[in-house]
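Engineer: What would the 3D arrangement of this be:
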Amino acid sequence: MTTTITSSTAHDDAPDLPQLPFPREGVLAISPLYDRLRAAGPITRVRTPAGDVVWLVTRYEEAKALFADRRLGRSHPKPEEAARVSDAGVMAGPSGDHEHEDADHSSMRRLLTPAFSAKRMRRLHDRVAELAEGLVDGLSPDEHGVVDLHAGFSVPLPIFVICELLGVPVEDRVYFKDLSERMATLTGDDPAVAREEFERYTAGLAEAKRAEPGEDVISDLVAAQEHDPRLTDARLAELTVGLLFAGHETTVNRLSLGVVLLLVNPEVRDRLVADPAGSVDAVVEEVLRLAEPGGMGLLRYAHEDVVVGEGAEEVTIARGDGVVIVTSAANRDEGAFDAAGAFDPDRTPNPHLSFGHGPHFCIGASLARTELRIGLTTLFTRLPDLALAVDPASLTLHTERLTGGLDTLPVRVSG
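Structural biologist: The predicted model follows:
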């Protein structure tokens with residue numbers, strides 16, 4: 001028998017549903033509630049921080065299938081009725097034109113794929129390495145040899161890189177970073193204000209690129225506007241926001257958590273120090289699988305009814321329902337990964353879902369991998385004695401931001 005429960009808006013008749021975000025047991029763990037929900041069924045109803053009811057996906061096979069299912073998308077047939085995750089200025093509710101989502105998505109991939117081509121990534125590689133080296137040189141430890149590596153390295157490296165890729169002037173980097181952080185705040189009115197500011201800023205930047213184009217993504221998009229009337233400045237801003245969060249926020253937080261994973265697994269750290277070229281790729285993939293900065297998951301909407309599960313577990317996601325796919329839970333599914341909670345760079349294969357799967361596979365995956373590979377290699381070759389300056393159990397996460405991440409990462413860089 002198929003169960004159908006509509007959950008596209010808040011439901012007062014479901015007061016006892018689990019509410020996101022779930023409490024965690026440390027920065028390297030995810031909530032044990034995910035294990036219980038995974039055992040209970042292929043998908044489960046939960047309440048979002050915004051108070052709406054959505055379906056939560058925690059199993060690997062269902063997550064992979066739903067990522068690839070074209071019946072799910074980011075738009076909603078009735079946006080005003082759509083379930084929302086939060087009040088953040090990005091990834092909090094529906095986006096895009098429902099009628100044209102598939103066509104717009106295909107157009108976006110065609111426009112942006114060259115920006116992340118192997119050729120451009122190779123050209124960017126040396127620049128990322130130069131920036132990483134400069135940030136290590138600029139670390140200023142206190143009298144005890146301690147520095148906040150999150151603020152001094154993990155935050156600036158990806159923001160410098162995404163600004164170069166997009167074509168943001170050097171003098172605007174701090175403002176750009178501030179807008180990004182404000183848009184990602186989960187509550188209050190400021191995220192919407194920041195989003196409006198960001199759209200105005202992007203429109204001004206696009207105008208500047210029309211007059212003086214460069215070798216950057218904004219210039220590429222401006223050039224494409226001449227041939228695509230649907231690529232308005234508002235759409236250009238939306239694409240830029242997507243790139244910003246795909247290529248900046250998640251990398252910032254995984255860099256810091258990757259450092260913590262290596263420092264609490266010294267045998268892996270020692271291998272990276274001894275043979276960075278031979279070990280860093282596998283380390284990065286395992287960091288991507290296990291490092292979970294936020295825990296909110298990725299929001300999609302059903303464009304038609306979708307049946308999930310079989311037999312007694314069969315459930316129908318009704319058209320319009322919100323679906324949150326939690327990649328961190330899927331990446332720790334014991335049905336897909338042996339010893340799923342262990343940090344094991346020798347894991348082969350490692351088909352994690354941190355970049356999604358299928359037609360919406362993250363277009364910035366190659367950039368994120370480049371930054372993590374260079375960032376971790378630079379840190380541990382330049383600072384082979386790097387050590388945590390605090391008990392890892394005392395590290396805390398930024399719970400008021402959509403993308404989460406560490407508040408601080410105090411490390412000892414000498415002595």
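Engineer: Who are the contact partners of residue 160?
Structural biologist: 131, 173 (CB atoms under 8 Å, 6 or more residues apart in numbering). C-betas here are computed from N, CA, C, even on glycine.
Engineer: pLDDT wise, what is it at?
Structural biologist: Per-residue pLDDT puts residue 160 at 89.
Engineer: Against residue 273, how distant is it?
Structural biologist: 25 Å (CB to CB, to the nearest Å).
Engineer: just residue 219 next, same as before
Structural biologist: 40 Å.
Engineer: ok, and the residue positioned nearest the centre of the chain, which helix or strand is that part of?
Structural biologist: The residue lying closest to the centre of the chain (CA atoms, centre = their mean) is residue 250, at 4.0 Å. Here residue 250, judged by DSSP states H and E, is contained in helix 250-263.
Engineer: so what does that helix touch, helix or strand wise?
Structural biologist: Counting contacts by 3 or more CB pairs under 8 Å, 6 or more residues apart in numbering; DSSP states H and E, helix 250-263 is packed against helix 156-166, helix 266-274, helix 276-290, helix 365-382, strand 387-388.
Engineer: Remind me what the third one packs against, helices and strands.
Structural biologist: It refers to helix 276-290. Partner elements for helix 276-290 (3+ CB pairs under 8 Å, 6+ apart): helix 250-263, helix 266-274, helix 365-382.
Engineer: Could you dump those into CSV with distance to residue 232 added?
Structural biologist: Shown next, in CSV, are the helices and strands packed on helix 276-290 (distance: least, CB to CB, whole Å):
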stretch, distance to residue 232
helix 250-263, 27
helix 266-274, 46
helix 365-382, 25
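Engineer: what's the closest of those helices to residue 166?
Structural biologist: helix 365-382 (11.2 Å; CB to CB).
Engineer: Tell me how far the closest one lies from the chain's centre.
Structural biologist: 16 Å (CA atoms, centre = their mean, to the nearest Å).
Engineer: list the buried ones in it?
Structural biologist: 365-380 (16 or more other CB atoms under 10 Å).
Engineer: And for stretch 200-219?
Structural biologist: Per 16+ other CB under 10 Å, stretch 200-219 contains these buried residues: 201, 202, 205, 206, 208, 209, 216, 217, 218, 219.
Engineer: any low-confidence regions in the stretch 201-350 of the chain?
Structural biologist: By pLDDT under 70, the low-scoring segments of the stretch 201-350 of the chain are 246-247, 249, 295.
Engineer: and the gap between residue 298 and residue 67?
Structural biologist: Relative to residue 67, and taking CB to CB, residue 298 is found at 8 Å.
Engineer: which residues are in contact with both of the two?
Structural biologist: Each of 325, 356 lies in contact with both residue 298 and residue 67 under the rule CB under 8 Å, 6+ apart.
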